[in-house]
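In: next comes the sequence, and after it the predicted model I'd like to discuss.
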Amino acid sequence: MKRLKKTVCAPESTYQFQSTAAITMAENSNFLDVNFGFIGLGAMGYPMAMNICKKMSPTKALYITDVSRPAVEKFLAQAMQENWGGLVVIVETAKAVAENAETIFTIVPAASHVRDVYLNPETGVIAAGKSEGRLCVECSTIDLATTRDVGEKIMQAGVAEYVDSPVSGGVPGATEGTLSFLQGCPPASALSARLTAVSLLMASPDKIFPCGPLGSGLAAKISNNYLCGTNLLASAEAMNFGIRNGVDKHILYKVIQNSTGQNFMLDKVTPVPGVNPAAPSSRDYQGGFKAQMMVKDMTLGVEVAEATGVVATMGRAALEVYKQAAVDPRCIDRDVSVIWRFLDGPE
């Protein structure tokens, strides 16, 4: 593999959007026999791009960019050292990625970054010009208004087909290639068939969900995150007072696991240290989803709920607790399950 710094000329599109949902095996392979692009090599994006590189056609290239030069340099070096498969090309802008790739994934921290990646008139995807076959899959967790505005502008300009497709499964899912993809596109369509084919490079086959029109993937993700935040806090509080009343933490964990209070956040994230060896709490809350980020997710949930006339009573209460934990020195930059420590749970 040879390191390339210079942007090459954009290849002709190898895919034309179809009017039917009938996709043959040959057509499915065509979806993968293209150049890919990836924008945003953070905690989630890096392993997602890694899986694309390992599984894509070895005759095609993966064009990458990130605001962090060390991140792209590390990615290129690791791809060369471990011989992942596809050629890796570092470019400087989202525009350069779009000029060279037919299928582009983006995952960045916030709505402002999404706007810049797509709509910056000089360096954004929109500056790459029109393309009949380009597909942009936006995986960030942001507000619905932004993704709808960005998506409509990109599609109205004829630059690409744009789909909001937030992911769930965290860094372990991204690394293992078992993410869930919640896609803002109609099911049983040519677009959903193409999305399924490319998402399977990073997802489990049973975890790809076409949710409806533009924005519906994010609506589903924000709904799920709202439950994650409230369930985690409720689980931590329940375990805390149960243990303080004399129930052994291992017994209480098993009781709830096998009773009506059972939930994923207690089962897998498990805020109580020393109960689940695989949980961040058993390694001093290192790794995982940072406590500060839960403020963003809960805020999105509360805002979306109240914008549609739903009174977010549990979400508002949980949000205030997470805001306090986000600035607590004991919790900053640790997994959000450190909320147990914020609640002075016994360790």
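Out: Received, thanks.
In: so where's the protein shaky on pLDDT?
Out: For the chain, the stretches with pLDDT under 70 are 1-29.
In: what sits against the closest residue to residue 98 other than its chain neighbours?
Out: Spatial nearest neighbour of residue 98, excluding adjacent residues (CB to CB, 6 or more residues apart in numbering): residue 128 at 3.6 Å. Every residue, glycine included, has its C-beta placed from N, CA and C. Residue 128 makes contacts with 10, 95, 98-99, 134, 159, as judged by CB atoms under 8 Å, 6 or more residues apart in numbering.
In: can you add neighbour count, secondary structure and distance to residue 148 and give those residues back as a markdown table?
Out: Converted to a markdown table, these look like this (neighbours: other CB atoms under 10 Å; DSSP: H, G, I helix; E, B strand; the rest coil; distance: CB to CB, whole Å):
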| residue | neighbour count | secondary structure | distance to residue 148 |
| --- | --- | --- | --- |
| 10 | 17 | coil | 27 |
| 95 | 22 | helix | 22 |
| 98 | 29 | helix | 20 |
| 99 | 22 | helix | 25 |
| 134 | 26 | coil | 19 |
| 159 | 21 | coil | 16 |
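In: and those residues, which is closest to residue 287?
Out: Nearest to residue 287 among these is residue 98, at 32.7 Å by CB to CB.
In: ok, now which ones touch the closest one?
Out: So residue 98 contacts 37, 104, 125, 127-128, 131, 134, 136, 159-160 (CB under 8 Å, 6+ apart).
In: quick one: which of the residues you listed sit in strands?
Out: Per DSSP state E, strands hold the following members of the contacts of residue 98: 37, 104, 136.
In: what residues sit buried inside the longest helix along the chain?
Out: The single longest helix within the chain, with elements called by DSSP state H, is helix 216-244. Using 16 or more other CB atoms under 10 Å as the test for burial, helix 216-244 gives 216-222, 224-226, 228-237, 239-240, 242-243.
In: now the angle from the next helix or strand after it to helix 216-244?
Out: Using DSSP states H and E, the helix or strand that follows helix 216-244 in sequence is helix 249-257. Interaxial angle of helix 249-257 relative to helix 216-244 (axes from the mean of the first three to the mean of the last three CA atoms, to 10 degrees): 130 degrees.
In: check which element follows helix 249-257 along the chain.
Out: helix 264.
In: list of residues touching that next one?
Out: Against helix 264 from outside (CB under 8 Å, 6+ apart): 228, 231.
In: and residue 258, how close does it get to residue 267?
Out: 11 Å (CB to CB, to the nearest Å).
In: these two: who's more crowded?
Out: residue 267 (14 against 9; other CB atoms under 10 Å).
In: isn't the more buried one right up against residue 254?
Out: No - using CB atoms under 8 Å, residue 267 makes no contact with residue 254, being 10.7 Å away.
In: name the element residue 80 belongs to?
Out: Counting by DSSP H and E, residue 80 is found in helix 69-82.
In: output stretch 65-83 as PDB, restricted to C-alpha atoms.
Out: This file holds the C-alpha atoms of stretch 65-83, laid out as PDB (Å, rounded to 0.1, in the frame of the first residue of the first chain):
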ATOM      1  CA  THR A  65     -10.400  13.200   6.500                       C
ATOM      2  CA  ASP A  66     -10.600  14.500  10.000                       C
ATOM      3  CA  VAL A  67      -9.900  17.800  11.800                       C
ATOM      4  CA  SER A  68      -7.200  15.800  13.700                       C
ATOM      5  CA  ARG A  69      -4.200  15.100  11.400                       C
ATOM      6  CA  PRO A  70      -2.800  12.600  13.900                       C
ATOM      7  CA  ALA A  71      -6.000  10.500  13.600                       C
ATOM      8  CA  VAL A  72      -5.800  10.100   9.900                       C
ATOM      9  CA  GLU A  73      -2.000   9.500  10.000                       C
ATOM     10  CA  LYS A  74      -2.600   6.800  12.600                       C
ATOM     11  CA  PHE A  75      -5.300   5.200  10.500                       C
ATOM     12  CA  LEU A  76      -3.200   5.100   7.400                       C
ATOM     13  CA  ALA A  77      -0.200   3.600   9.300                       C
ATOM     14  CA  GLN A  78      -2.400   0.900  10.900                       C
ATOM     15  CA  ALA A  79      -4.100   0.000   7.600                       C
ATOM     16  CA  MET A  80      -0.700  -0.400   6.000                       C
ATOM     17  CA  GLN A  81       0.900  -2.300   8.900                       C
ATOM     18  CA  GLU A  82      -2.100  -4.700   9.200                       C
ATOM     19  CA  ASN A  83      -2.900  -4.900   5.500                       C
END
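In: how far off centre is it?
Out: 19 Å (CA atoms, centre = their mean, to the nearest Å).
In: going forward can the numbers begin at 48, since that is how I track them
Out: Yep, numbering from 48; the last one is stretch 112-130 now.
In: quick one: contacts of that stretch?
Out: Contacts for stretch 112-130 (CB under 8 Å, 6+ apart): 48, 50, 85-89, 92-93, 96-97, 100, 111, 131, 133, 135, 137-141, 143-144.
In: noted, bye for now.
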